[in-house]
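# Need coordinates for the below:
(one chain, ligands or ions: 2)
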Amino acid sequence: MLVTLRPDADVRAVEAALKGLGQWTTRLRDADGTARGLRVEPHSAPASIEVLRALPGVADVWRAPSPHPRVDAQAGAAVPLPGGAPLLVAGPCSVESPEQALAAAALAAGAGATALRGGAFKPRSSPYAFDGHGRAALGWLRAAADAHGLAVVTEVLGEQHVEAVAAVADVLQVGSRNMQNFALLRALGAAGKPVLLKRGMAATVEEWLLAGEHLLTAGAGTVVFCERGVRGFDPETRNLLDLGAVALLKHAYRQPVLVDPSHAAGRRDLVVPLAAAALAAGADGVIVEVHPDPGAARSDGPQALDAAALVALTATLEAHR
Ligand code: PEP
Ligand code: MN
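Ligands and ions are numbered 1, 2, ... in the order given. A predicted model of the protein is given here:
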């Protein structure tokens with residue numbers, strides 16, 4: 001916000017009055033050094049423009065136009081998945097076989113999940129790592145979900161896969177590595193489906209919101225923001241779960257938000273406590289990796305919940321209902 005000052009304003013008094021309302025400001029000066037206005041810093045408290053305008057010495061208050069009006073317009077939207085909050089989306093990192101998908105779907109449904117996740121097209125850091133069974137796995141995923149009455153969330157890795165994935169998925173996932181792949185966001189948005197937009201591992205909140213704006217501009221349904229941890233400095237955990245961003249998106253921007261504690265922690269024993277923290281920060285639910293036999297998983301085994309860990313997750317989610 002920008003506050004312009006009356007010519008006779010006592011600048012210090014205006015600053016003090018604004019500070020009293022939780023508004024932290026920086027002076028905007030003319031070439032001759034005279035303070036003509038104040039810029040309200042983004043970490044200031046929410047405030048009514050009318051209240052600020054009525055302060056002595058204030059000429060006017062301007063709210064800068066938002067760079068992401070379509071994201072702002074979806075404030076208050078629910079996560080477009082069946083079930084009440086807190087939502088649980090669960091499933092394997094990668095869809096490995098029809099049997100594995102079915103067993104994972106049974107685990108997910110048993111834990112109270114309403115949607116099955118699983119990658120058919122997998123982004124892998126190494127070109128030699130298993131990168132998914134592709135189109136065949138989409139069919140296995142859908143069949144497993146249908147057998148347990150679950151919705152499907154799965155990643156679209158490239159523009160060439162949008163049509164195939166959109167034909168089976170209820171929510172299209174954009175992976176962290178693709179958050180700013182604008183050609184993909186455009187193609188995926190045009191499918192008109194809801195999107196789970198994972199945060200880029202080094203993306204600012206503003207860049208994340210703007211990626212959401214790209215999707216909505218292209219025609220996407222509701223964009224759900226998914227915090228999955230950002231690059232930290234400490235390899236003890238795989239990523240650094242940014243719960244400040246979760247609270248900001250939920251409480252300030254009122255966006256639909258899911259948290260992925262699995263890719264944040266990178267280790268099974270921390271997934272449930274981080275899920276609890278995510279719900280406390282305001283998340284609408286969590287998306288976690290589960291595997292019927294984590295030791296045999298072809299990707300992300302160390303972070304996959306097994307049947308026993310799922311019981312603890314279910315109890316945590318129940319405590320928030
Ligand atoms: C995933 O959810 O399968 C995944 C690859 O996660 P991310 O994009 O957050 O790394
Ligand atoms: Mn994974």
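# which residues touch residue 4?
Neighbouring residues of residue 4 by Cβ atoms under 8 Å, 6 or more residues apart in numbering: 36, 37, 58, 59, 60, 61, 62. For the C-beta atoms, the positions are set from N, CA and C on the backbone; glycine is no exception.
# out of those, which touch ligand 1?
Filtering the contacts of residue 4 for proximity to ligand 1 by Cβ under 6 Å from any ligand atom leaves nothing.
# Only whichever of these are buried, select them in PyMOL.
To isolate the buried ones among the contacts of residue 4 in PyMOL, judged by 16 or more other Cβ atoms under 10 Å, type:
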select buried, resi 37+58+61
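# Run a quick neighbour tally on the residue in the stretch 151-300 of the chain that ligand 2 sits nearest to.
Going by Cβ to the ion, ligand 2 is nearest to residue 300 of the stretch 151-300 of the chain, at 3.6 Å. If you count neighbours by other Cβ atoms under 10 Å, residue 300 ends up with 19.
# Quick check: nearest residue in space to it, chain neighbours excluded?
residue 93 (3.8 Å; Cβ to Cβ, 6 or more residues apart in numbering).
# what separates that neighbour from residue 47, distance-wise?
Distance, residue 93 to residue 47, by Cβ to Cβ, to the nearest Å: 44 Å.
# thinking again about what came up before, and the residue of the stretch 151-300 of the chain closest to ligand 2, what is it in contact with?
Counted by Cβ under 8 Å, 6+ apart, residue 300 has contacts 93, 94, 262, 263, 289.
# State whether the last one is indeed within a helix.
No. The assignment for residue 289 by DSSP: H, G, I helix; E, B strand; the rest coil gives strand, which leaves it out of any helix.
# That one and residue 301 touch, don't they?
No. Here residue 289 does not reach residue 301: they are 9.1 Å apart, not a contact under Cβ atoms under 8 Å.
# could you give the mean pLDDT of whichever strand or helix holds residue 72?
For residue 72, the element it lies in under DSSP states H and E is helix 69-73. Average pLDDT, helix 69-73: 98.
# same thing with stretch 142-149?
Stretch 142-149 shows a mean pLDDT of 98.
# how about that stretch as PDB, C-alpha atoms only?
What follows is stretch 142-149 as a C-alpha-only set of coordinates in PDB (Å, rounded to 0.1, in the frame of the first residue of the first chain):
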ATOM      1  CA  ARG A 142      -7.200 -45.300 -12.000                       C
ATOM      2  CA  ALA A 143      -8.300 -48.900 -11.600                       C
ATOM      3  CA  ALA A 144      -6.800 -49.100  -8.100                       C
ATOM      4  CA  ALA A 145      -8.500 -45.800  -7.100                       C
ATOM      5  CA  ASP A 146     -11.900 -46.900  -8.500                       C
ATOM      6  CA  ALA A 147     -11.700 -50.200  -6.600                       C
ATOM      7  CA  HIS A 148     -11.600 -48.200  -3.400                       C
ATOM      8  CA  GLY A 149     -13.700 -45.200  -4.300                       C
END
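# buried residues in that stretch?
Neighbour-count burial for stretch 142-149, counted by 16+ other Cβ under 10 Å, picks out 142, 144, 145, 148.
# How about the contacts made by the second one?
This means residue 144. With Cβ under 8 Å, 6+ apart, residue 144 has these contacts: 98, 101, 102, 104, 105, 116, 150.
# Please list the residues of the protein that sit near ligand 2.
Proximity of the chain to ligand 2, by Cβ under 5 Å from the ion, involves residues 93, 300.
# Which positions in the chain make contact with ligand 1?
Residues of the chain lying close to ligand 1 by Cβ under 6 Å from any ligand atom are 93, 119, 123, 155, 175, 176, 198, 228, 260, 263.
# Ramachandran angles for the residue nearest to the second one when sequence neighbours are not counted?
Of all residues beyond its chain neighbours, the one nearest residue 119 is residue 94 (4.7 Å), with distances taken as Cβ to Cβ, 6+ apart. Backbone geometry at residue 94, expressed as degrees, to the nearest 10, gives phi -120, psi 150.
# Great, nothing more from me.
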